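In: Could you work out the structure for the sequence below:
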Amino acid sequence: MSKVPSDFLKESIQKILNYSKVENPRKFVETVELQIGLKGYDTQRDKRFAGTVKLPHIPRPNMKICVLADQVHKDQADQLGVEAKTIDDLEKLNKNKKLVKKLANSYDAFLASESVIKQIPRILGPGLNKAGKFPSLLTHSDNMAAKIAEVRATIKFQLKKALCLAVAIGNVHMTEEQLMTNIRMSINFLVSLLKKNWQNVQSLHIKSNMGPVQRVY
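Out: Purely as a prediction, here's the structure:
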């Protein structure tokens, strides 16, 4: 992380928080995003990387999650006030691509019971997978609330066709220290995924939804 000086990063975070809280406060909680520009990658030939990391502080506490549930998990989800769909609900979509896409777009992430996850390709086809939202497994020994918090705290870096990535790593209700911790962990993890580590990093920026961009590398 020595490539991004702490003082410089701290100053950039202060500017973001000041803009969002003092200069231009919004009626919603702005997400803080890490934007990455890469170099030295041929997306046609080089192996495309993908990796997930759990951050210490949840970046998007309002992330919308749906449980594809068996009866036990349906009851638990109802108690927690979490949206859930049963096999019957999923079968009603009739593998219709538009309806499956609508389901995928309605939520940020999915969890699925063991008995349900096995049947998803048969019932829904490849729609959730194509959207990059194939569910995480939820077993009966898992604590559902803890599992949901884990999903909300986990971010994914994935190289597709473009050499730029953007990932939500925090929000403007966090403290400077919390944002600093999340940003450091995110950058370190990203660099570990790259074939030549820092040599593949062209630029790093952070910004809130509505705020100006702050270059940190």
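In: Next up, identify which helix or strand the residue most central in space within the chain is on.
Out: The residue lying closest to the centre of the chain (C-alpha atoms, centre = their mean) is Ile155, at 3.9 Å. Take DSSP states H and E as the rule and Ile155 turns out to sit in strand 154-158.
In: following that strand, which helix or strand comes up?
Out: Following strand 154-158 in sequence, per DSSP H and E, is strand 164-171.
In: Pull up the pairing partners for that following strand, direction included.
Out: strand 31-38 (antiparallel) (DSSP bridges).
In: Just the residues contacting the strand it pairs with, thanks.
Out: For strand 31-38, the surrounding residues in contact (C-beta atoms under 8 Å, 6 or more residues apart in numbering) are 16, 59-60, 157, 159, 163-172, 174, 179, 183, 186-187, 190, 194, 200-209, 213. In short, each C-beta sits where N, CA and C put it, glycine included.
In: just stretch 118-133 next, same as before
Out: So stretch 118-133 is contacted by 68, 87, 90-91, 93, 95, 97, 100-101, 103-105, 107-110, 112, 134-135, 156, 158 (C-beta under 8 Å, 6+ apart).
In: I'd like to know which of those residues are buried.
Out: 68, 87, 90, 93, 100, 103-104, 107, 109-110, 112, 134-135 (16 or more other C-beta atoms under 10 Å).
In: what's the most distant pair in these?
Out: Using C-beta to C-beta, the two most remote members of those are Ile87 and Ala109, lying 19.4 Å apart.
In: low-scoring pLDDT stretches of the chain, where are they?
Out: 1-2 (pLDDT under 70).
In: need the contact list for the residue lying closest to Ser113 once chain neighbours are set aside.
Out: With sequence-adjacent residues excluded and distances taken as C-beta to C-beta, 6 or more residues apart in numbering, Ser113 is closest to Asp70, at 4.1 Å. When contacts are counted by C-beta under 8 Å, 6+ apart, Asp70 touches Thr86, Ile87, Ser113, Glu114, Ser115, Val116.
In: Could you list the residues in contact with the longest helix seen in the chain?
Out: Identified as the longest helix of the chain according to DSSP state H is helix 176-193. With contacts defined as C-beta under 8 Å, 6+ apart, helix 176-193 is touched by 1, 4, 6, 9-10, 13-14, 16-17, 32, 34, 36, 49, 51, 53, 55-57, 59, 155, 157, 165, 167, 169-170, 174, 197-198, 201, 204, 206, 216.
In: can you check stretch 85-100 too?
Out: So stretch 85-100 is contacted by 66-71, 74, 103, 116, 119-120, 123-125, 127-128 (C-beta under 8 Å, 6+ apart).
In: rerun at 7 Å
Out: The set of residues external to stretch 85-100 that reach it, using C-beta atoms under 7 Å, 6 or more residues apart in numbering, is Cys66, Leu68, Ala69, Lys74, Leu103, Val116, Gln119, Ile123, Leu124, Gly125, Gly127.
In: all strands of this structure, in order?
Out: 31-38, 50-54, 65-68, 83-85, 109-113, 136-138, 154-158, 164-171, 201-208, 214-215 (DSSP state E).
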